[in-house]
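In: Return a 3D structure for these sequence lines:
(one chain, ligands or ions: 1)
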Amino acid sequence: MSKSADAALGPLFAAAKAAQAAAYAPYSRFKVGAALRTPDGAIYSGCNVENAAYPQGACAEVGAIAAMALAGKRAIAEILIVGDGEALCTPCGGCRQRIREFAGPSAAIHVAGPEGVRRTFTLAELLPESFGPEHLAV
Ligand code: THU
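Out: A predicted model of the protein is given here:
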């Protein structure tokens, strides 16, 4: 990532880091933060919230998307996900589809570690040939 693009991501990274600090992850001990930017420049964030009934836990992306929807917004321009550890904290399959609902194929998905953005993908790279709202004639 170029320096200027990195600088532009500063507020998104800061929002995701702050969300990560609020994560409730007593079972996996893997805290995740997500922050998305809507086309108007607003930022919405979320953290993972786990549950004693494990499958009921929610990913960080779920919270960020819910915050966006609550604000009446319906479009994701880009999203940044931050997790700890060596491996890339790429969004799970379900969250790729959740992002897909509100983002176009060229929307950027930034994957970050504690030190900053590690890789940037497009949605189409992470979820090729995807199914979306336009497939439904409703
Ligand atoms: N997790 C997220 O919140 N987002 C991701 O993109 C990957 C995984 C969470 C789910 C669970 O609470 C924990 O990380 C371990 O899988």
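In: what does the helix or strand where residue 45 lies rub up against?
Out: Taking DSSP states H and E as the criterion, the element that holds residue 45 is strand 43-47. For strand 43-47, contacts defined as C-beta atoms under 8 Å, 6 or more residues apart in numbering pick out 11-12, 15-16, 18-24, 31-38, 60-68, 71, 73. For every residue, glycine as well, the C-beta is placed using N, CA and C.
In: which ones among those residues are found in strands?
Out: Among those, the subset assigned to strands under DSSP state E consists of 32, 33, 34, 35, 36, 37.
In: Among those, which one lies nearest to the ligand?
Out: Minimum distance to the ligand across those is 3.6 Å, recorded for residue 32 (C-beta to the nearest ligand atom).
In: who's in contact with the closest one?
Out: Under the criterion of C-beta under 8 Å, 6+ apart, the contact list for residue 32 reads 20, 23, 25, 47, 48, 59, 60, 81, 82, 83, 89.
In: Farthest pair within these?
Out: Comparing all pairs in the contacts of residue 32 by C-beta to C-beta, the longest separation belongs to 25 and 81, at 14.0 Å.
In: ok, back up a step: and the contacts of strand 43-47, which of them are buried?
Out: A residue is treated as buried here by neighbour count (16 or more other C-beta atoms under 10 Å); on that basis the buried members of those are 12, 15-16, 19-20, 23, 31-38, 60-65, 67-68, 73.
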